[in-house]
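1. Just need the structure, nothing else, for what follows:
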Amino acid sequence: MLKIIKYPAGILKKQAKEVKEITPDLLRLIAQMEVAMEKNQGVGLAAPQINISKQIIVIKDGGENTKNHAFFNPKIHKKSKKQETDEEGCLSLPGLFLPIKRAEGIHISCNTKEGKSVIIEATGLASRIFQHEIDHLHGKLIIDRITPLARWKIKEELEEIKKKGRVKRK
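-> You can find the predicted model right below:
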């Protein structure tokens, strides 16, 4: 099984490389990413989180027949002006949950594993998950979306992740 890379690993701060071609190896990687996401009880996973610098994300949809979807080279083209703040966690910052402000809705373009170019309009939780995972492709973590004061307040938790690999819930 793939290992989830934890904060403060350098790859989590770097821009991921664009996927030029969808190969059988990439399709196998997607299947492994889906397993890792499920085993770690995530709703999304980006390739940099498994130490691979490629613009690949897998996302669990929240529908009745929940299934996973993989996207290559996703780009946000439009964000709604309306924003919402909600608590987010991250598989690379285990045990840490922070209030993060994000656009309520987005339009993105990306490629599917079948090689199709698609435009996706996402709102609510799906919008939040896409934004979170796309942030990973640009070297951003949820701790980069909070104020310096808020980050100072969680410095002990960040040290705990560095030393022990996770924050113990209180």
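2. And the longest strand anywhere in the chain, what does it pack against?
-> Ranked by residue count and defined by DSSP state E, the top strand of the chain is strand 68-79. Applying 3 or more CB pairs under 8 Å, 6 or more residues apart in numbering; DSSP states H and E, we find strand 68-79 packed against helix 24-39, strand 56-60, strand 105-112, helix 124-137. All C-beta spots, glycine's among them, are computed from the backbone N, C-alpha and C.
3. Just the CA atoms of that strand, as CSV, please.
-> The C-alpha coordinates for strand 68-79 follow below in CSV (Å, rounded to 0.1, in the frame of the first residue of the first chain):
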residue,chain,number,x,y,z
ASN,A,68,-14.1,7.4,-6.5
HIS,A,69,-13.1,9.6,-9.4
ALA,A,70,-9.6,10.5,-10.7
PHE,A,71,-8.7,13.7,-12.4
PHE,A,72,-5.5,14.9,-14.1
ASN,A,73,-4.3,18.5,-14.4
PRO,A,74,-7.3,20.1,-12.7
LYS,A,75,-7.5,23.9,-13.0
ILE,A,76,-9.9,26.2,-11.3
HIS,A,77,-11.3,28.8,-13.7
LYS,A,78,-14.0,30.4,-11.7
LYS,A,79,-14.8,30.7,-8.0
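4. tell me which residues in the helix or strand following that strand are buried?
-> Using DSSP states H and E, the helix or strand that follows strand 68-79 towards the C-terminus is strand 83-89. By 16 or more other CB atoms under 10 Å, the buried positions in strand 83-89 come out as 88-89.
5. Check stretch 53-73 too.
-> Quick answer for stretch 53-73 (16+ other CB under 10 Å): 54-60, 68-73.
6. now this structure, which segments are flagged as low pLDDT?
-> Scanning the chain with the threshold set as pLDDT under 70 gives 62-65, 169-170.
7. show me what contacts the residue nearest the centre of the chain?
-> The chain has residue 133 as the residue nearest its centroid, 2.4 Å off, counting by CA atoms, centre = their mean. Residues near residue 133 by CB atoms under 8 Å, 6 or more residues apart in numbering: 44-46, 57, 59, 74.
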